[in-house]
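Engineer: the sequence and its predicted three-dimensional model are supplied below.
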Amino acid sequence: MKEILERIEALRGEYDEIGRAMSDPATASDRRRMAELGRRYNELEEIISAGDRLRAVVEEKEGTEPLLHDGDHEVREMAREEVERLLAEETRLADEIRALLLPKDPNDSRSVIMEIRAGTGGDESALFAADLFRMYNGYAESRKWKVDVMNSAPTEIGGFKEVVFGIDGEGAYSRLKYESGVHRVQRVPETESQGRIHTSAATVAVLPEADELEVEINGEDIEMDVFRSSGPGGQSVNTTDSAVRLTHKPTGIVVTCQDERSQHKNRAKAMRILQARILQMTQEAAEAERAEERRSMVGSGDRSERIRTYNFPQGRISDHRINLTLYNLKDFLAGELDEVIDALADAEREESLAASGV
């Protein structure tokens with residue numbers, strides 16, 4: 001306990017220094033620097049607040065312990081109960097602080113751009129992609145996050161070959177980052193006359209949304225094409241060239257947006273997706289350069305990795321990364337994801353604690 005309190009006192013100096021820096025007019029004029037300092041300040045504030053509570057509990061416990069040796073039996077019994085309560089609170093706060101001291105994912109506070117694509121399974125896969133889109137939309141609504149569809153390729157029977165959308169909300173990435181990967185569905189399609197269960201899949205990619213100041217794109221590096229947007233089956237749904245395709249020549253990344261009737265709005269959305277993809281590419285390259293890569297218990301998030309199965313006949317969801325199985329498929333597809341996301345976050349935290357030795 002002494003070691004934890006000493007570490008918090010060491011961080012208090014950094015906390016005070018950041019507070020002074022943020023009040024400096026020269027720093028206040030630098031938006032990027034202020035954002036970085038603000039994130040770190042908030043992190044330290046949470047740690048120090050928990051540390052202050054822990055110190056108060058330790059001091060109260062130490063002040064109560066002498067009563068354990070009081071001559072009065074009733075006083076000793078009351079003291080014993082109080083010390084037990086304080087010990088439990090001390091342990092809880094220490095565990096909370098250990099988790100707070102773990103290195104933070106720098107993307108956790110960001111909004112996200114999600115990409116869902118139909119995989120193996122034809123029309124059934126496209127319908128499942130639409131189910132996943134509605135599921136994430138429901139989850140976003142429950143958290144009061146804003147959903148903004150950026151690009152979609154609907155099918156004639158109500159599915160999606162692809163749908164790209166932003167979810168704008170504080171901490172969206174910290175919750176949704178676990179969704180990257182292959183999602184598999186097992187169910188009897190409506191077109192199946194013999195009642196056979198089919199297996200199909202869709203892929204989900206979760207990109208942290210880039211701050212406009214983080215990813216600077218030279219206009220000369222972008223090639224823009226415009227065309228008429230199309231709907232299911234390829235038919236034209238717009239009489240003007242409002243759809244936009246951006247090609248980032250240095251990286252080869254291509255982004256298409258056609259959901260808006262305005263070319264200007266489609267271009268703005270395409271730029272958001274492009275910035276997010278470049279940010280992801282930059283971060284992945286930096287990660288690859290590190291000598292030691294710690295493999296998380298919850299998987300790498302690679303899109304080729306099967307992460308979850310949705311079994312309709314059994315009403316079952318199975319998350320393969322943590323061997324978690326639940327039987328609330330209907331509620332889950334309605335957007336009630338917290339039980340699984342919390343379990344994934346807990347598993348990642350436990351793995352990080354074990355690896356760090358905090």
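Structural biologist: In hand now; what should we look at?
Engineer: so which strand or helix has the residue nearest to D70 when sequence neighbours are not counted?
Structural biologist: Spatial nearest neighbour of D70, chain neighbours left out: R76 (5.4 Å); criterion: CB to CB, 6 or more residues apart in numbering. Every residue, glycine included, has its C-beta placed from N, CA and C. Assigned by DSSP states H and E, R76 belongs to helix 73-101.
Engineer: run through this protein and note the low-pLDDT ranges.
Structural biologist: Residues of the chain meeting the criterion pLDDT under 70: 191, 193, 212-214, 230-240, 286-305, 356-358.
Engineer: pull the longest helix from the chain.
Structural biologist: In the chain, taking DSSP state H as the definition, the longest helix is helix 31-64.
Engineer: one step back: quick check: buried residues in the helix holding R76?
Structural biologist: 79, 82-83, 86, 89-90, 93-94, 96-98, 100-101 (16 or more other CB atoms under 10 Å).
Engineer: out of those, which comes closest to M34?
Structural biologist: L100 (22.7 Å; CB to CB).
Engineer: for the closest one, which non-adjacent residue is closest in space?
Structural biologist: I47 is the one closest to L100 (CB to CB, 6+ apart), at 4.8 Å.
Engineer: show me what contacts that neighbour?
Structural biologist: Going by CB atoms under 8 Å, 6 or more residues apart in numbering, I47 touches 8, 11, 97, 100-101.
Engineer: just to revisit the earlier point, CSV for the buried residues of helix 73-101, including distance to A26?
Structural biologist: What follows is the buried residues of helix 73-101, written out as CSV (distance: CB to CB, whole Å):
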residue, distance to A26
A79, 55
E82, 51
V83, 51
L86, 46
E89, 43
E90, 42
L93, 38
A94, 39
E96, 36
I97, 33
R98, 36
L100, 30
L101, 31
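Engineer: closest to A172 among those residues?
Structural biologist: Of these, the one sitting nearest to A172 (CB to CB) turns out to be L100, at 20.4 Å.
Engineer: I'd say the closest one and E45 touch.
Structural biologist: No: between L100 and E45 there is no contact under CB atoms under 8 Å: 10.5 Å.
Engineer: would you list every one of the strands in the stretch 151-300 of the chain?
Structural biologist: In the stretch 151-300 of the chain, the segments counted as strands under DSSP state E, counting those that start in this stretch are 160-168, 181-187, 198-208, 222-227, 243-248, 253-257.
Engineer: could you spell out the sheet neighbours of the first one, each with its direction?
Structural biologist: If I follow you right, that is strand 160-168. strand 112-118 (antiparallel), strand 146-154 (antiparallel) (DSSP bridges).
Engineer: so which of these is nearest I217?
Structural biologist: strand 112-118 (15.5 Å).
Engineer: roughly how far is the closest one from the heart of the chain?
Structural biologist: 13 Å (CA atoms, centre = their mean, to the nearest Å).
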